[in-house]
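[1] Take a look and give me a structure for this.
(chains A and B)
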Number of protein chains: 2
Amino acid sequence: MLKFDRQDLIPAIIQNDTTKEVLMVAFMNDEALRLTREMGYTHFFSRSRNAIWRKGEQSGNVQEVRDIFVNCEENSLLIRVIQNGDAACHEGYRSCYYRRLLQDDSYETVAERIFDPEIVYER
Amino acid sequence: MLKFDRQDLIPAIIQNDTTKEVLMVAFMNDEALRLTREMGYTHFFSRSRNAIWRKGEQSGNVQEVRDIFVNCEENSLLIRVIQNGDAACHEGYRSCYYRRLLQDDSYETVAERIFDPEIVYER
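    Okay, here's the model as predicted:
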């Protein structure tokens, strides 16, 4: 039985099923997980907006669920997906982990931008 | 600048640098992250024991850090490691995500056990 945390959330790691690249991590509540399983596309719970969101609802970069795995302690999920539109990150990168943390605490961008967020999100 | 949560923690996804398999997720506080970077081996913060632990301190299955990546929102880490002894999970599996979540909420074990936790941890 899955263990949700004190805020009734469980972290879900999203991995590209084809390339094995880790795309993002986000939280799900019970309802977001139910929608994810029923619809076959990832849904998450936003703590800042206190609302469920469907990944890709604005950008079109939805994530089709291939497989869901549970960890030993039943308090996190690993979800393998087919990433539509290639980019999972709202900053326009394939993965949210597009920067390497360097010894001096600065970041080095290690990936190419796939889309321009200014255009996609009409800021 | 990294953003730790209300409990002063940040989640770290651990990925096998060679196979790209996602091994586990665990939390770090500032000190665990400092030790991880200085020693070159993963350290985490246990919420249940309220203490820092070095991954593999009992089993010997330490994780040598290859690279640390930061996500777009600077509130999670992706750490690529060389996994000593092959198994990252305290249940004896390569990855903590050794079970698939099925439609009826049951689990299907999809991996082989590499070590017997009864022996390794002398329970």
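
[2] From here on, just use CA atoms for contacts and neighbour counts.
    OK.

[3] Tell me how many other residues crowd residue A:60.
    By other C-alpha atoms under 10 Å in any protein chain shown, 12 other residues sit near residue A:60.

[4] Now do the phi/psi pair for it.
    Here the main-chain torsion angles of residue A:60 (degrees, to the nearest 10) amount to phi 80, psi -10.

[5] wait, doesn't it sit right on residue A:85?
    Yes - taking contacts as C-alpha atoms under 8 Å, residue A:60 lies within contact range of residue A:85: 7.3 Å.

[6] helix or strand for the residue most central in space within chain A, which one?
    The centroid of chain A falls nearest to residue A:24 when counting by C-alpha atoms, centre = their mean (4.0 Å). Here residue A:24 is covered by strand A:22-28, with elements defined by DSSP states H and E.

[7] do the same with residue A:11
    Counting by DSSP H and E, residue A:11 is found in strand A:10-16.

[8] Show me what the strand holding residue A:24 pairs with in its sheet, parallel or antiparallel.
    Strand A:22-28 has the following strand partners under DSSP bridges: strand A:10-16 (antiparallel).

[9] re earlier: what sits against the residue nearest to the centre of chain A?
    A:13, A:14, A:15, A:88, A:89, A:95, A:96, A:97, B:71 (C-alpha atoms under 8 Å, 6 or more residues apart in numbering or on different chains).

[10] buried set for whatever helix or strand comes next after the strand holding residue A:24?
    With elements assigned by DSSP H and E, the helix or strand that comes after strand A:22-28 is helix A:30-39. Residues A:32, A:33, A:35, A:36, A:37 are the ones in helix A:30-39 that count as buried (16 or more other C-alpha atoms under 10 Å in any protein chain shown).

[11] Go back to those residues and keep what's next to chain B.
    On the criterion C-alpha under 8 Å from any C-alpha of the partner chain, residue A:37 are the entries of the buried residues of helix A:30-39 that sit beside chain B.

[12] can you pull the contacts of the closest residue to residue A:16 other than its chain neighbours?
    Counting by C-alpha to C-alpha, 6 or more residues apart in numbering or on different chains, the nearest residue to residue A:16 once its immediate chain neighbours are dropped is residue A:81, at 5.2 Å. Residue A:81 makes contacts with A:14, A:15, A:16, A:17, A:63, A:64, A:65, A:66, A:67, as judged by C-alpha under 8 Å, 6+ apart.

[13] show me the contacts for the fifth one.
    I take that to be residue A:63. A:41, A:42, A:55, A:56, A:81, A:82, A:83, A:84.

[14] List only buried entries from the residues you listed.
    In the contacts of residue A:63, burial by neighbour count holds for A:41, A:42, A:55, A:56, A:81, A:82, A:83, counting by 16+ other C-alpha under 10 Å.

[15] For the fifth one, grab phi and psi.
    Spelled out, it's residue A:81. Recorded main-chain torsions at residue A:81 are phi -130, psi 160, according to degrees, to the nearest 10.

[16] Quick check: beta-bridge partners of it?
    Applying DSSP bridges, one finds that residue A:81 bridges with residue A:16, residue A:65.

[17] Next one: it from chain B, what distance?
    Distance from residue A:81 to chain B, counting by C-alpha to the nearest C-alpha, to the nearest Å: 14 Å.

[18] Kindly report the same for the third one.
    Relative to chain B, residue A:55 is positioned 15 Å away (criterion: C-alpha to the nearest C-alpha).
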